[in-house]
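**Student:** For reference, the sequence and a predicted model appear below.
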There are 4 protein chains.
Amino acid sequence: MNAPAQLPTNDVFSWPVRVYWEDTDGGGIVYYANYLKYFERARTEWLRALGLEQRKLQETAGGLFVVSEANVKFLRSARLDDMLQVTARLCEMGRSSFSIAQQVRLSLPHDAAQVLCTASVRVGWINSTTHRPARMPASVVDVFPR
Amino acid sequence: MNAPAQLPTNDVFSWPVRVYWEDTDGGGIVYYANYLKYFERARTEWLRALGLEQRKLQETAGGLFVVSEANVKFLRSARLDDMLQVTARLCEMGRSSFSIAQQVRLSLPHDAAQVLCTASVRVGWINSTTHRPARMPASVVDVFPR
Amino acid sequence: MNAPAQLPTNDVFSWPVRVYWEDTDGGGIVYYANYLKYFERARTEWLRALGLEQRKLQETAGGLFVVSEANVKFLRSARLDDMLQVTARLCEMGRSSFSIAQQVRLSLPHDAAQVLCTASVRVGWINSTTHRPARMPASVVDVFPR
Amino acid sequence: MNAPAQLPTNDVFSWPVRVYWEDTDGGGIVYYANYLKYFERARTEWLRALGLEQRKLQETAGGLFVVSEANVKFLRSARLDDMLQVTARLCEMGRSSFSIAQQVRLSLPHDAAQVLCTASVRVGWINSTTHRPARMPASVVDVFPR
């Protein structure tokens, strides 16, 4: 097997997310599992920006992206009404999975930002009927930047 | 079309639910949409008690139950660690839908309880491929009490 | 008690919502409770447009908006990647609650739209410490259109 | 600073979890963020078994447990109606945090089980007003097994 392609690290995708009541918990902060929803929204919009609509993929390519590993550090808490930026940066591209580095940043005045949460996420591909891991189709792999 | 069968009102199904952090919001109370999750869990367990497993139904009968209407009154708030009972009582049984009355009750000492939330819910049946409304198959209708 | 003020019906607030994986369920459609999240996001943005930030309200006015009643009709299903518009229109304004009509519409080409879900929602005010119903403070009531 | 106490590894807490519609996504499997909800439910019940009720803790000890790090491997998918066991095993106990190893296992016939998801989770303590990290009070630390 060939070594996965190392991708340039300076191409960061960013997506705005607002914190609503649904995201918070009784501690007055965003519930920890909800950062994974934020990360998934940013990955979805990054894929869409690359030309990949996942419902269409499921119908035409017969497969789904699934997260196989997520290593998450929760550094500071987001709260109701906070305006966040969620980033995605491709780190490693293989034939049946890719790795992506993500952050949740709190938007502050004067273009400043504070990192609240970081994650390293590995995303694989499964057959949407058997739910078994599979190689990504060429039509998927080819849209990623090299 | 025949009038839907009126069912006896004294047959109440009840299912225990514990409130976790995931259920609460920054107001320190259970987020309002989450009562609909509790109602759905109780309906699922009531269907299971009647012999209907919904994943199997989706595979063998090619259809899904879907909620077409929910009228919900939020009377009092549940909080973290509360122990709740969620009830389901069949009110009306038709050929393509049924109606069910549900409550969320806070369990109190000495077998007492306080009603926190009530709902009247209409559940229909859709074809799982076309997502169009359809008549419930006989294998489904026949399990309901008359 | 005075009759609540009847408000003009033509002032509709609208907020865009994208459907992500987190919103869908195993039936391939948006899970029914999640429409209540969408309605709440639109109410939050409508309140923000009126000048009310709810975290600040909780800290300064000592109270919270809570939904006391929601009557929801689920007409058609939204699916992954759908782009929705969620509307809010104030119907009735009282001293301790207001009523609001809401819709979830699927955005279609050529400025067309299809109504997927409608709701009539009553929102009250509670003391954020005691969680008891209370009158809305004047600073809150005064921002609503008359 | 003293080395954190190494705890015996054979004391595994286990909590049953049923998969409902709310947990699944349009891929027909449990949405990845929801495993973190399952892990949190099991930690909550493990703490309760040790005598710690978190709402009471928030009121009396003025603090909250928060997850500071979670490393999660998603190995196989759970689906609607699956019956799961979620485990928790204390690995390391410090003064301001502890580490816990967790698994989600699919219950199979004849007492067999299949590991679907594993996690290593670090839990800290924050002041519930300032949301700043703090040392756990003795009343909390003392309940943990040594």
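**Tutor:** Perfect, thanks for sending it.
**Student:** host element of the most centrally placed residue in chain A?
**Tutor:** Geometric centre of chain A, nearest residue: A:Arg43, 3.3 Å, by C-alpha atoms, centre = their mean. Element membership for A:Arg43 (DSSP states H and E) is helix A:34-49.
**Student:** Correct me if wrong: A:Ala78 contacts A:Leu106.
**Tutor:** Yes: in terms of C-beta atoms under 8 Å, A:Ala78 counts as a neighbour of A:Leu106; the distance is 6.3 Å. Any C-beta I mention is one placed from the backbone N, CA and C, and that applies to glycine too.
**Student:** Of those two, which one has the most company?
**Tutor:** A:Ala78 (24 against 19; other C-beta atoms under 10 Å in any protein chain shown).
**Student:** Tell me what the residue nearest to the more buried one when sequence neighbours are not counted is bridged to.
**Tutor:** Excluding the flanking residues, the one nearest A:Ala78 by C-beta to C-beta, 6 or more residues apart in numbering or on different chains is A:Val30, at 4.3 Å. Counting by DSSP bridges, A:Val30 is bridged to A:Thr24.
**Student:** quick one: A:Val30 from A:Arg146, how far?
**Tutor:** For A:Val30, the distance to A:Arg146 equals 35 Å [C-beta to C-beta, to the nearest Å].
**Student:** now swap in A:Gly51 and tell me
**Tutor:** Relative to A:Arg146, and taking C-beta to C-beta, A:Gly51 is found at 15 Å.
**Student:** Also A:Asp23?
**Tutor:** A:Asp23 is 36 Å from A:Arg146, by C-beta to C-beta.
**Student:** more crowded one of those two?
**Tutor:** More crowded of A:Asp23 and A:Arg146, by other C-beta under 10 Å: A:Asp23, with 25 against 8.
**Student:** Check what pLDDT A:Thr129 gets.
**Tutor:** Listed pLDDT for A:Thr129 reads 89.
**Student:** Over to A:Ala113?
**Tutor:** 89.
**Student:** Kindly report the same for the one 3 residues further on.
**Tutor:** Here the pLDDT value assigned to A:Leu116 is 98.
**Student:** Point me to the helix or strand that includes it.
**Tutor:** strand A:113-127.
**Student:** Run through the neighbouring helices and strands of that strand.
**Tutor:** helix A:34-49, strand A:63-74, strand A:83-93, strand A:97-107 (3 or more C-beta pairs under 8 Å, 6 or more residues apart in numbering or on different chains; DSSP states H and E).
**Student:** buried ones in the helix or strand just after the longest one?
**Tutor:** What that stands for is helix A:34-49. For helix A:34-49, the following helix or strand on the C-terminal side (DSSP H and E) is helix A:54-60. Buried residues in helix A:54-60, counted by 16 or more other C-beta atoms under 10 Å in any protein chain shown: A:54-55, A:57-58.
**Student:** Ok, stretch A:138-146 next?
**Tutor:** Under 16+ other C-beta under 10 Å, the buried positions of stretch A:138-146 are A:140-141.
**Student:** and it, anywhere near chain C?
**Tutor:** No: if you take C-beta under 8 Å from any C-beta of the partner chain as the test, stretch A:138-146 misses chain C, and the best it gets is 15.7 Å.
**Student:** for stretch A:11-23, same thing?
**Tutor:** Yes: Stretch A:11-23 lies within reach of chain C by C-beta under 8 Å from any C-beta, at A:18, A:20-22.
**Student:** For PyMOL, write a command that selects the buried ones of the residues you listed.
**Tutor:** This is how PyMOL selects the buried members of the residues of stretch A:11-23 next to chain C, with burial counted by 16+ other C-beta under 10 Å:
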select buried, chain A and resi 20+21+22
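**Student:** can you put the residues of stretch A:11-23 next to chain C in a markdown table and add secondary structure and pLDDT?
**Tutor:** Converted to a markdown table, the residues of stretch A:11-23 next to chain C look like this (DSSP: H, G, I helix; E, B strand; the rest coil; pLDDT from 0 to 100):
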| residue | secondary structure | pLDDT |
| --- | --- | --- |
| A:Arg18 | strand | 98 |
| A:Tyr20 | coil | 98 |
| A:Trp21 | helix | 98 |
| A:Glu22 | helix | 98 |
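**Student:** Out of the residues of stretch A:11-23 next to chain C, which comes closest to chain B?
**Tutor:** Proximity of these to chain B (C-beta to the nearest C-beta) peaks at A:Trp21, which lies at 4.8 Å.
**Student:** isn't that closest one right up against B:Ile29?
**Tutor:** No: judged on C-beta under 8 Å, A:Trp21 makes no contact with B:Ile29 at a distance of 10.3 Å.
**Student:** residues in contact with A:Phe144?
**Tutor:** By C-beta atoms under 8 Å, 6 or more residues apart in numbering or on different chains, A:Phe144 lies in contact with A:7, A:50, A:90, A:93, A:98.
**Student:** now do 6 Å
**Tutor:** Contacts of A:Phe144 were listed using C-beta atoms under 6 Å, 6 or more residues apart in numbering or on different chains, and they are A:Met93.
**Student:** which SS class is it?
**Tutor:** What DSSP: H, G, I helix; E, B strand; the rest coil gives for A:Phe144 is coil.
**Student:** Pull up the gap between it and chain D, please.
**Tutor:** From A:Phe144 across to chain D, the span is 21 Å (C-beta to the nearest C-beta, to the nearest Å).
**Student:** coming back round to it: can you say which of the helices and strands packed on strand A:113-127 is nearest to D:Asn71?
**Tutor:** Nearest of the helices and strands packed on strand A:113-127 to D:Asn71, taken as C-beta to C-beta: strand A:63-74 at 4.6 Å.
**Student:** Other residues contacting that closest one?
**Tutor:** Here strand A:63-74 has contacts from A:32, A:58, A:117-128, D:27, D:32, D:67-74, using C-beta under 6 Å, 6+ apart.
**Student:** and if you look at stretch A:12-20?
**Tutor:** Contacts for stretch A:12-20 (C-beta under 6 Å, 6+ apart): A:30, A:38, A:42, A:45-46, A:78, A:80, A:82-89, C:41, C:44.
**Student:** now do 8 Å
**Tutor:** A:30, A:38, A:41-42, A:45-46, A:49, A:78-89, A:104, A:107, C:37, C:40-41, C:44.
**Student:** sorry, back to before: need the overlap of contacts for A:Ala78 and A:Leu106.
**Tutor:** With C-beta under 8 Å, 6+ apart, A:Ala78 and A:Leu106 have common neighbours A:84, A:116.
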